[in-house]
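S.K.: give me a 3D structure for the following:
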Amino acid sequence: MGRLTTDIVDKTPVSLGLLGAAAFIVVADARVIDPLLHIIAKEFKVGVGSAAVIISAYTIPYGLFQLVYGPLGDAYSNSFGERIGKLEVITVALTAFAVSTSVCA
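M.R.: Below you'll find the model as predicted:
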């Protein structure tokens, strides 16, 4: 095995673990609002169906931005992850996610 192949193999478990943790956090963030719908509806004096628009307002941009981040990671990296790379695109996206979640809190 060459040095480059060994470097890629050594980084895979950490990258895969971080990617799995990031996916869990994003999905958990979307699902944490479900049990709160009744409380939100009561607080704003609207029906649960009207309060459920919050979930759509979150998940629609989430789905649409996947169409942006995927090609962005592919376009700015070659097969060995040089230049910007997928991991850097994921890092920037998760940083923006963390900052925007903190601002909303």
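S.K.: use CA for all of it now, contacts and neighbours both
M.R.: Noted.
S.K.: so which residue is dead centre in the chain?
M.R.: For the chain, V26 is the residue whose C-alpha lies nearest the centre (C-alpha atoms, centre = their mean; 4.9 Å).
S.K.: neighbours of A23, how many?
M.R.: Look at A23: counted by other C-alpha atoms under 10 Å, it has 13 neighbours.
S.K.: that one and A93, how far apart?
M.R.: Counting by C-alpha to C-alpha, to the nearest Å, the gap from A23 to A93 is 12 Å.
S.K.: and if you look at S100?
M.R.: S100 is 11 Å from A93, by C-alpha to C-alpha.
S.K.: those two: which has the busier surroundings?
M.R.: Between S100 and A93, counted using other C-alpha under 10 Å, the more crowded position is A93 (14 against 11).
S.K.: so the more buried one is in which element?
M.R.: helix 86-104 (DSSP states H and E).
S.K.: that helix packs against which elements?
M.R.: helix 53-75 (3 or more C-alpha pairs under 8 Å, 6 or more residues apart in numbering; DSSP states H and E).
S.K.: show me what the helix it packs on is packed up against.
M.R.: Here helix 53-75 is seen to pack against helix 3-31, helix 86-104 when contacts are counted using 3+ C-alpha pairs under 8 Å, 6+ apart.
S.K.: below-threshold pLDDT in the chain: ranges please.
M.R.: Where the chain drops to pLDDT under 70, the residues are 1-14, 73, 76-85, 105.
S.K.: a strand runs through V46, doesn't it?
M.R.: No: counting by DSSP: H, G, I helix; E, B strand; the rest coil, V46 is not part of a strand but coil.
S.K.: mind checking how far it is from A21?
M.R.: V46 sits 35 Å away from A21, going by C-alpha to C-alpha.
S.K.: do T101 as well
M.R.: Distance from T101 to A21, by C-alpha to C-alpha: 17 Å.
S.K.: again, but for A96
M.R.: Counting by C-alpha to C-alpha, the separation of A96 from A21 is 16 Å.
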